[in-house]
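Enquirer: Give the three-dimensional model of this entry:
(one chain, ligands or ions: 1)
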Amino acid sequence: MSSTPTDARLMDGSGLARRLVEETAARAADLTRRTGTPPCLATVLVGEDPASVTYVRMKRARCEKAGIRSRHVELPATTTTAELVATLEGLSNDPGVHGILLQHPVGPGIDERAAFEAIAPEKDVDGVTFSSFATMSFGLPGFVSCTPGGIMRLLDAYGVDPAGKRAVVVGRSAILGKPAGMMLLARNATVTYCHSHTADLSAAVREADVLVAAVGRPRFIKGEDIKPGAVVVDAGYNPGNVGDVDFDTAVTRAGLITPVPGGVGPMTIAVLLAQTVDAAERQLA
Ligand code: NAP
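Expert: Purely as a prediction, here's the structure:
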């Protein structure tokens, strides 16, 4: 089925991310002028996974463009949990570093949770610690997971108030699905999580006023299951620039929908940069 001009409105994540980065760059410049210290993000990469190498390089390049310094730490794949924890504790205690990003996944043999918990909450600009998850879930000030944070900003930018709506999140990963659902709950949506054990996933999806797809399976959500007029947020990013929602069929039923690419994707780094400047502002105040 092909799309027509009367289809859903697109939620332009690229444009929103660009505006957020511009605003963040202006804040970074102002902070640097006032304090003489530019915001600094430490990026930590363990091993040489090509996708992780690319992601970290992209994040550092965006930092530089926004006037945020980055300090890069590369560790071999043979790094132990204790060594990684010591590195992260060192960065947590370093006053020259305002935010810390540990690139996920860290690879087998390392206790990733122990590593995340070695990041000081006030520097957890990627929103990966238990502390950040708790504040995010309670809707309290703190750092949020960047992709779900980007999703909430997109909803706000398009005037979607989750309160009272049925939100269905397909996927429950620690960095995406689970925090996305908790943030929607904190904003008073009625939230259903779906995952690989969900019976009759289609029935759950059909209830969604707001649908967040975070599955990692190309075109997994079919248009026929989209409630007419629903807000469809596709966080999926699969090979070939394909989302987790079958866009061509979903666009004919949704009210608002994120494209892939150009929807949720660009928001992630923009939120990371914004949170890094937030952290620096608090630490340099
Ligand atoms: P993940 O860790 O692999 O989690 C996938 C989730 O989907 C799991 O909760 C899993 O359920 C569920 N799932 C898998 N197969 C299912 C099925 N057949 N039916 C129902 N649920 C199923 O993936 P992720 O890291 O959350 O990423 C999800 C997608 O988002 C990927 O396409 C990824 O590339 C994309 N992503 C995008 C960004 C961005 O910046 N835009 C950032 C992160 C991720 P179980 O828990 O039961 O296993």
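
Enquirer: Which residue is the nearest non-sequential neighbour of the residue nearest the centre of the chain?
Expert: Central residue of the chain (C-alpha atoms, centre = their mean): Thr147, 1.3 Å from the mean position. If the residues on either side of it in the chain are set aside, Thr147 comes closest to Thr268, at 4.7 Å by C-beta to C-beta, 6 or more residues apart in numbering. The C-beta positions use only the backbone N, C-alpha and C, and glycine is treated the same way.

Enquirer: tell me what the host helix or strand of Met267 is packed against?
Expert: Per DSSP states H and E, Met267 falls inside helix 265-284. When contacts are defined as 3 or more C-beta pairs under 8 Å, 6 or more residues apart in numbering; DSSP states H and E, helix 265-284 sits against helix 13-35, strand 40-46, helix 50-65, strand 99-102, helix 146-157.

Enquirer: After the third one, which helix or strand is next?
Expert: Just to be clear, that refers to helix 50-65. strand 69-75.

Enquirer: That next one pairs with which strands?
Expert: strand 40-46 (parallel) (DSSP bridges).

Enquirer: Can you verify my assumption that Gly223 contacts Ala250?
Expert: Yes. In this structure, Gly223 is within contact of Ala250 by C-beta atoms under 8 Å, at 4.3 Å.

Enquirer: who's more crowded, those two?
Expert: Ala250 (27 against 18; other C-beta atoms under 10 Å).

Enquirer: quick one, what contacts that one?
Expert: Ala8, Ile221, Lys222, Gly223, Ile226, Val232, Ile257 (C-beta atoms under 8 Å, 6 or more residues apart in numbering).

Enquirer: which of those residues sit farthest apart?
Expert: Distance extremes for the contacts of Ala250: the farthest pair is Ala8 and Lys222 at 14.9 Å, using C-beta to C-beta.
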